[in-house]
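> When you get a sec, could you give me coordinates for this:
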Amino acid sequence: MEKDIWERVYFKESYDKGKPFLFYVLFGADNMSEMQISKDKHNVDEMPNGLELANHNKLDSAEQKNYVEGFLNDNFTKFLKEKSNKLFEEVLTCKNIIVVKGEFEDTNSLNYLKNTIGIIQAIIETNIVAIFDLQILEWFKPEEWSKKYFEPKAPNSFDHIKIFWSENGNDIWLHTRGMRKFGRPDLSIRKVTSEKKDLGIEIINRFIQAYAYGFIPDETQAIKIKGMEEGVYGKIKGNYDDPDFNNYYFEIESL
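As a prediction, this is how the structure comes out:
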């Protein structure tokens with residue numbers, strides 16, 4: 001029997017801090033009537049249970065205008081401006097968006113993600129302008145998104161997560177955004193010295209891979225990898241309203 005590359009090989013049914021959640025905003029989706037989803041072309045088996053596609057046009061009403069322009073506030077567009085002023089100007093002219101979002105059952109398969117990727121690709125082919133991944137606060141040109149997420153036929157959990165780092169005096173704070181896509185807490189390590197930054201990133205990357213494939217956080221299990229003199233522990237904190245994560249997070253003790 002052929003191995004299912006979208007299987008979550010470490011999955012356990014005991015994590016109660018939420019379900020997998022996806023949220024993408026596609027700007028300039030004016031030709032949705034032309035969208036055609038193909039099982040063979042887009043690798044879509046079904047419409048995932050829980051997935052919603054909603055069209056919003058800012059010319060329809062003041063409420064719709066406020067909703068669309070809510071994705072263009074300074075907190076979101078600063079990342080777009082850093083990426084491309086030209087793309088920023090193009091996004092500003094868009095009147096129509098498609099919001100692709102959904103909450104899914106926490107299962108032993110990433111098929112919900114695979115099918116959502118294929119559906120977004122079908123929308124991209126109607127000639128949209130840009131994609132905003134709200135979970136990781138990252139903007140994409142359509143061709144960039146397709147190359148990164150649709151063209152690879154196997155899942156790559158690292159591409160769906162973003163690691164942020166910021167300096168506070170002599171210390172570095174490492175943390176992720178996007179683990180909610182897999183129904184798992186994000187990761188945080190504070191007070192990391194510059195000498196241990198690479199070690200911190202290695203630890204985070206190991207958790208990204210394990211969580212994406214179904215592993216659950218364990219506050220009682222010591223964390224130790226090569227290069228660490230002794231193990232450290234983590235604790236689940238936060239909630240979905242935390243602006244740094246929009247998710248629960250697993251705070252790992254300082255290294």
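> Does Glu219 belong to a helix, a strand or coil?
Assigned state for Glu219: coil (three-state reduction, DSSP: H, G, I helix; E, B strand; the rest coil).
> distance of the closest residue to it other than its chain neighbours from Lys58?
Nearest-residue entry for Glu219: Lys235, 5.5 Å, with adjacent residues in sequence omitted and distances by Cβ to Cβ, 6 or more residues apart in numbering. For every residue, glycine as well, the C-beta is placed using N, CA and C. Remark: distance between Lys235 and Lys58 (Cβ to Cβ, to the nearest Å) = 43 Å.
> So if I had to pick from these two, which one is more boxed in?
Looking at Lys235 and Lys58 with other Cβ atoms under 10 Å, you find the greater number of neighbours at Lys58, namely 18 against 12.
> Would you mind confirming that the more buried one makes contact with Gln64?
Yes: counting by Cβ atoms under 8 Å, Gln64 is a contact partner of Lys58 at 5.5 Å.
> Show me the common contact partners of the two, please.
Among the neighbours of Lys58, none is also in contact with Gln64 (Cβ atoms under 8 Å, 6 or more residues apart in numbering).
> Tell me which residues touch Asn49, please.
Contacts for Asn49 (Cβ under 8 Å, 6+ apart) come out as Phe104, Glu105.
> tell me the pLDDT at it?
According to the predicted model, the pLDDT of Asn49 comes to 96.
> got it, and Glu2?
According to the prediction, Glu2 has pLDDT 44.
> Let me see the contact set for the residue nearest to Glu219.
Lys235 makes contact with Glu219, Phe250, Glu251 under the criterion Cβ under 8 Å, 6+ apart.
> if I pick Tyr67, what's in contact with it?
Tyr67 touches His56, Lys58, counting by Cβ under 8 Å, 6+ apart.
> what separates it from Ile203, distance-wise?
In this view, Tyr67 and Ile203 are 39 Å apart by Cβ to Cβ.
> burial measure for Glu103, as a count.
18.
> Assign Ile201 to helix, strand or coil.
Relying on three-state DSSP, one would call Ile201 helix.
> who's in contact with it?
For Ile201, counting by Cβ under 8 Å, 6+ apart, the contacting residues are Ile163, Leu174.
> Do you know the pLDDT at it?
Checking the pLDDT column for Ile201, the value is 95.
> now Ser84
94.
> now it: how far from Cys94?
Distance from Ser84 to Cys94, by Cβ to Cβ: 15 Å.
> The two: which has the busier surroundings?
For Ser84 against Cys94, the residue with the higher neighbour count under other Cβ under 10 Å is Cys94, and the figures read 19 against 14.
> Now do the SS call for the more buried one.
Here Cys94 is recorded as coil under three-state DSSP.
> ok, it - contacts?
Applying Cβ under 8 Å, 6+ apart, the residues near Cys94 are Phe27, Gly28, Val129, Ala130.
> Looking at the residues you listed, which are in helices?
Using DSSP state H to define helices, no part of the contacts of Cys94 is located there.
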